[in-house]
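Q: sequence? don't have it. structure:
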């Protein structure tokens with residue numbers, strides 16, 4: 001707080017101080033104690049409105065103190081100088097006090113406004129930083145959107161590629177289906193031809209048997225005729241008996257052959273009932289062929305459909321426990337011969353193990369072998385042909 005100047009100070013000292021501090025103000029414009037006090041009040045009010053009572057309290061309180069002294073001197077002047085008849089020196093003192101109050105108020109106002117301006121500047125800087133951060137976030141989002149668009153475009157291209165692959169797979173499946181139908185048709189034709197051959201063979205055997213029976217009857221007649229001449233023709237009779245024995249052995253062999261053919265026909269008919277299998281009659285064996293795709297998963301395990309097929313094969317083999325069976329695995333020609341040999345052996349072994357473990361067949365009844373890409377049943381130049389070559393054959397022995 002500015003110290004109060006004593007009222008009893010000399011007028012000369014007051015006048016000198018007044019001239020020294022307020023001469024700039026007096027130089028700009030003449031004033032009166034009333035005007036300067038009002039201006040000081042106005043300046044203090046402006047400073048208060050600007051917040052000087054909070055951020056520039058020292059200057060603000062000093063301005064109020066100077067104003068309070070000016071007002072007291074103004075009140076004292078009314079009685080004191082009215083008696084002396086001269087008030088110029090007192091007016092200068094009041095003007096000085098009022099001018100100091102105004103200056104302090106203006107200083108407090110300037111400090112308050114500066115503080116307000118700095119606060120606003122800091123707030124603006126914070127808002128600018130927030131705005132710049134928001135711009136960076138928007139830029140990042142734009143980059144993410146662009147990446148998402150690129151990913152979407154790539155996904156579209158991959159989807160088109162996948163659709164093209166699906167189309168090609170469908171075409172290959174249709175081609176494979178056609179080739180499989182042709183193979184089944186050829187198998188049916190071969191089966192029909194085999195049946196005709198079996199019937200012709202049976203007819204031929206029956207004819208031969210009838211001929212042998214006639215010959216046997218004739219031999220018996222001749223034997224009876226020769227009985228009377230036994231003594232004379234004993235040597236010739238013995239030769240004829242030996243011949244008759246040989247003929248009887250031939251007849252027995254023919255009867256056995258006819259029985260074997262009948263049994264093979266029955267086996268062929270029963271094997272033909274196995275689903276997704278192709279059956280053919282070979283030299284002293286009946287072959288049940290199943291495509292590898294119908295038996296195995298991509299991991300070379302027996303698939304669900306393969307189990308259903310092998311269950312039927314197992315039931316068939318149970319009906320003929322005395323007939324040995326050989327499981328033969330095959331592959332196409334793609335890859336090395338050694339690798340294909342290993343794959344074919346694994347396929348044959350998997351089928352044998354399933355029949356022994358799950359169908360309770362005797363291990364002595366079944367053997368397994370892998371033949372790799374040998375003995376193809378179709379061309380290896382096409383996928384359909386290679387699919388037919390990837391197969392497993394169950395060869396059931398039907399003769400000695």
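A: Sure, I can see it. Quick caveat, the model's predicted, so the values are computed rather than measured. Residues are numbered from 1 along each chain as shown.

Q: domains for this structure, by residue range?
A: Per automatic domain parsing, the structural domains of the chain span 11-131, 272-400.

Q: tell me which stretches of this structure form helices.
A: 11-28, 33-49, 52-55, 57-84, 88-227, 234-271, 304-318, 337-359, 383-389 (DSSP state H).

Q: wait, what's in contact with the spatially most central residue of the chain?
A: Note on the chain: the residue nearest the mean C-alpha position is residue 155, at 12.9 Å, using CA atoms, centre = their mean. Contact analysis of residue 155 by CB atoms under 8 Å, 6 or more residues apart in numbering lists nothing. (Glycine included, C-beta is placed from N, CA and C.)

Q: which of the domains of the chain has the lowest mean pLDDT?
A: Of all the domains of the chain, mean pLDDT reaches its minimum on domain 11-131 (a mean of 80).

Q: give me the distance from that domain to the chain's centre.
A: Centre-to-centre, domain 11-131 and its host chain are 81 Å apart (CA atoms, centre = their mean, to the nearest Å).

Q: and what of stretch 246-255?
A: 72 Å.

Q: can you point out the buried residues in it?
A: 251, 254 (16 or more other CB atoms under 10 Å).

Q: which residues outside that stretch are in contact with it?
A: Residues outside stretch 246-255 that contact it (CB under 8 Å, 6+ apart) are 205, 208-209, 212-213, 215-216, 219.

Q: if we go to 7 Å?
A: Outside stretch 246-255, the residues that touch it by CB atoms under 7 Å, 6 or more residues apart in numbering are 205, 208-209, 212, 215-216.

Q: returning to what we had before: how about the helices of the chain in JSON lines, adding distance to residue 277?
A: Below are the helices of the chain laid out as JSON lines (distance: least, CB to CB, whole Å):
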{"stretch": "helix 11-28", "distance to residue 277": "123"}
{"stretch": "helix 33-49", "distance to residue 277": "105"}
{"stretch": "helix 52-55", "distance to residue 277": "101"}
{"stretch": "helix 57-84", "distance to residue 277": "107"}
{"stretch": "helix 88-227", "distance to residue 277": "10"}
{"stretch": "helix 234-271", "distance to residue 277": "7"}
{"stretch": "helix 304-318", "distance to residue 277": "6"}
{"stretch": "helix 337-359", "distance to residue 277": "12"}
{"stretch": "helix 383-389", "distance to residue 277": "13"}
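
Q: looking at the ones you listed, which is closest to residue 329?
A: helix 337-359 (3.5 Å; CB to CB).

Q: that closest one: which residues count as buried?
A: 340-341, 343-345, 347-348, 350-352, 354-356, 359.

Q: just checking, residue 351 touches residue 393?
A: No - look at residue 351 against residue 393 with CB atoms under 7 Å: they stay out of range, at 9.7 Å.

Q: quick one: residue 107 from residue 345, how far?
A: According to CB to CB, to the nearest Å, residue 107 and residue 345 sit 107 Å apart.

Q: show me which of the buried residues of helix 337-359 is closest to residue 115.
A: The shortest approach to residue 115 among the buried residues of helix 337-359 belongs to residue 343, at 89.3 Å (CB to CB).
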